[in-house]
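J.: give the three-dimensional model of this entry:
(2 chains)
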Amino acid sequence: MIEVDGLTKYYGNYHALKGVTFSVAKGEILGFLGPNGAGKTTTMRILTCFFPPTSGKAKVAGFDVFEEPLEVRKRIGYLPENVPLYKDMIVEDYLAFAAGIKGVESKKVKGIVAKVMDECVLTDVSYKFIGELSKGYRQRVGLAQALVNDPEVLILDEPTIGLDPKQIIEIRKLIKNLAGRRTVILSTHILPEVSMTCHRVVIINDGRVIAVDTPQNLTSRVTGANRFLVKIEGPSQHVIKEIESINGVEKVIKKDTSANGIGEYIIESVKGKDIKKEIAPCVVNKGWALLELRPQEMSLEDIFVKLVTKE
Amino acid sequence: MRNFYLIFKKEFKSYFASPVAYVVITMFLILTGYFFYNSLALFSTISFQATMNPMLAKQVGLLNITESVVRPLFGNISIILLLMEPLLTMRLFSEEKKSGTIELLLTYPVTDMGILLGKFFACMAVFIIMIALTILYPLLVIVFGQPEIGPIITGYIGVFLVGASFVSLGIFASSLTENQIIAATVAFGLLLLFWMISFSASLAGQTLGDILSYISLTAHLEGFAKGVIDTTDIVYYLIFISLFLFLTLRILESKKWRG
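T.: Numbering: from 1, shown residues only, chains lettered A, B, ... in the order given. Coordinates of the predicted model:
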């Protein structure tokens, strides 16, 4: 649905994109991840035909962004980063304007605007000026205008930034509901967002793609081992020694000890070895108490930092 | 075509959604009304005196209502338009750039030309409302005197063309910057320069002087006020308008190659 090949972009002397290549399949939600200034917004602006790349090719829905920008624009819905909207317009009028200009037939405009306002929970504010709306509502108006032409491709630049937690959950739910029929690219630097909503992640840093994978694969790829967090009541020196002797354990790290002799440890095992079953009997046989045992996954934050600093 | 109409409608509405259009139109009418009242009052005083002083009445042109009331009216309207129209045009692109809405607008499936013409004609519509409201003044003259109708009609044609030229240059200035004050200042400055450039014509040499007086906005207005329609004048204004619309289009397109 979207093919990006070797995009570069210069702003004057500043080299913002240094050859970005990835593709997105139909119906997929792609997370676009990277620190501020990595080139996320630049890539999105090229995909939405706001400006052309310095070199490289990008195709959206089979149309080249440089050769046929109008055809591309007809097929996309775009939500820019800080949701620029006409503050002096009424929500309903604005959505009708957006629908008309995106080529929705005059007769159908009213029905489609009503449907989109319903989807984005805007019906209550349909007669308010956009300038009067709170950030959360404005974000939803932004999303509504992106959806109003029933686009094949949705490009959302940091759709949840500046929202309160409840609104973030609502917007995420909305985006998830949009998937399937539509192809979605969403950029963010909030990592849990990616693992919650996206099928695949492109991590970009300093104008380059440094990883493309599913959130799950990324996790295991970077960790390369299974990690467990255990809480054990017992003398910590012996505990560490004893657990290290279990076949398959690679490393035991002591995290914390509280006053009553309860220690917190992180156990890393060799990849592919299941050591869960062996920890409990080992501890119990020694007469210590096993208070907690849970697998610990490396969060996307850890992965992100690991990948970015590796470069 | 449809996109042009949608942008036109949106821009036109937004002039009236804020007090901008109301304030500009009101101030314009107060000023033109003030000048019209003065020339009319002066004319009636002189006429009154002339009934008692036959020598005064013999002076050519003094008691011609077309010469002393209608003609200055169009001159005044043009000057006040020069002061007011940059205030109407300054927001057209600057505001979109500042608030970032241009990013959405330019990613909608609409051509630069559609955007430009929509904005141009929306501003023209406000301008036409402005000058349409001044028709009251010549109407008063027609009711209470016998002016020639011809110069009134050509006078309005002239004002329309010069006003459209102001709008096109104003839009150009607005496309250059995201700061509305800069847009208005550039428009004022350039318009005033085009207005007064013929002043230096007498100082310049023969050829340069001719060129300077030809490119001046004022020089081409005089014919219309006298009741003369000269195709040279019409062509001048049409070229002026299309030149600045063309330049604006180039500015919009320049985002493609500028970093």
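J.: show me where the chain has its helices.
T.: With no chain named, the answer covers chain A. In chain A, the helices defined using DSSP state H lie at A:40-47, A:69-75, A:91-101, A:106-119, A:135-147, A:165-178, A:191-197, A:215-223, A:236-244, A:276-285, A:300-310.
J.: sorry, should have said chain B
T.: Ranges of helices within chain B are B:2-17, B:20-52, B:54-58, B:65, B:71-89, B:91-99, B:101-105, B:112-133, B:136-144, B:149-176, B:180-196, B:206-215, B:221-226, B:231-253, based on DSSP H.
J.: quick check, stretch A:145-162 touching chain B?
T.: Yes - Stretch A:145-162 is in contact with chain B by C-beta under 8 Å from any C-beta of the partner chain, via A:Gln145. Quick note: C-beta positions are derived from backbone N, CA and C, even for glycine.
J.: mind listing what's buried along that stretch?
T.: By neighbour count, with 16 or more other C-beta atoms under 10 Å in any protein chain shown as the criterion, the buried positions of stretch A:145-162 are A:145-149, A:151-161.
J.: where in the stretch 1-150 of chain B is pLDDT low?
T.: By pLDDT under 70, the low-scoring segments of the stretch 1-150 of chain B are B:60-61.
J.: distance of the most centrally placed residue in chain B relative to B:Leu217?
T.: Using C-alpha atoms, centre = their mean, the residue of chain B that lies closest to the mean C-alpha position is B:Gly163, 2.0 Å off. B:Gly163 is 11 Å from B:Leu217, where distance means C-beta to C-beta, to the nearest Å.
J.: same thing with B:Met113?
T.: According to C-beta to C-beta, B:Met113 and B:Leu217 sit 25 Å apart.
J.: then A:Ile203?
T.: Taking C-beta to C-beta as the measure, A:Ile203 falls 58 Å from B:Leu217.
J.: and if you look at A:Pro165?
T.: Per C-beta to C-beta, A:Pro165 is found 60 Å from B:Leu217.
J.: same question for B:Glu253.
T.: Distance from B:Glu253 to B:Leu217, by C-beta to C-beta: 27 Å.
J.: of these two, which one has the most company?
T.: Residue environment comparison for B:Glu253 versus B:Leu217 gives the larger neighbour count to B:Leu217, 24 against 12, counting by other C-beta atoms under 10 Å in any protein chain shown.
J.: wait, that one touches B:Leu190, no?
T.: No - using C-beta atoms under 8 Å, B:Leu217 is not in contact with B:Leu190, being 10.3 Å away.
J.: count the neighbours of the closest residue to chain A within chain B for me.
T.: Chain B approaches chain A most closely through B:Gly100 (3.4 Å), counting by C-beta to the nearest C-beta. By other C-beta under 10 Å, 16 other residues sit near B:Gly100.
J.: check A:Asn36 too.
T.: By the measure other C-beta under 10 Å, the count of residues near A:Asn36 is 7.
J.: for the stretch 151-300 of chain A, which residue gets nearest to chain B?
T.: Chain B sits closest to A:Ile155 of the stretch 151-300 of chain A, with a gap of 8.8 Å, by C-beta to the nearest C-beta.
J.: hang on, that residue packs against A:Thr48?
T.: Yes - between A:Ile155 and A:Thr48 there is a contact under C-beta under 8 Å: 5.8 Å.
J.: can you list the helices of chain A in a markdown table and add mean pLDDT?
T.: What follows is those, written out as a markdown table (pLDDT from 0 to 100):
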| stretch | mean pLDDT |
| --- | --- |
| helix A:40-47 | 89 |
| helix A:69-75 | 89 |
| helix A:91-101 | 92 |
| helix A:106-119 | 89 |
| helix A:135-147 | 88 |
| helix A:165-178 | 80 |
| helix A:191-197 | 76 |
| helix A:215-223 | 67 |
| helix A:236-244 | 79 |
| helix A:276-285 | 79 |
| helix A:300-310 | 67 |
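J.: tell me who's in contact with A:Val72.
T.: A:48-49, A:60-61, A:63-65 (C-beta atoms under 8 Å, 6 or more residues apart in numbering or on different chains).
J.: just the pLDDT for the residue nearest to B:Tyr237 when sequence neighbours are not counted.
T.: The spatially closest residue to B:Tyr237, leaving aside those adjacent along the chain, is B:Leu161, at 3.8 Å (C-beta to C-beta, 6 or more residues apart in numbering or on different chains). Looking at B:Leu161, its pLDDT reads 95.
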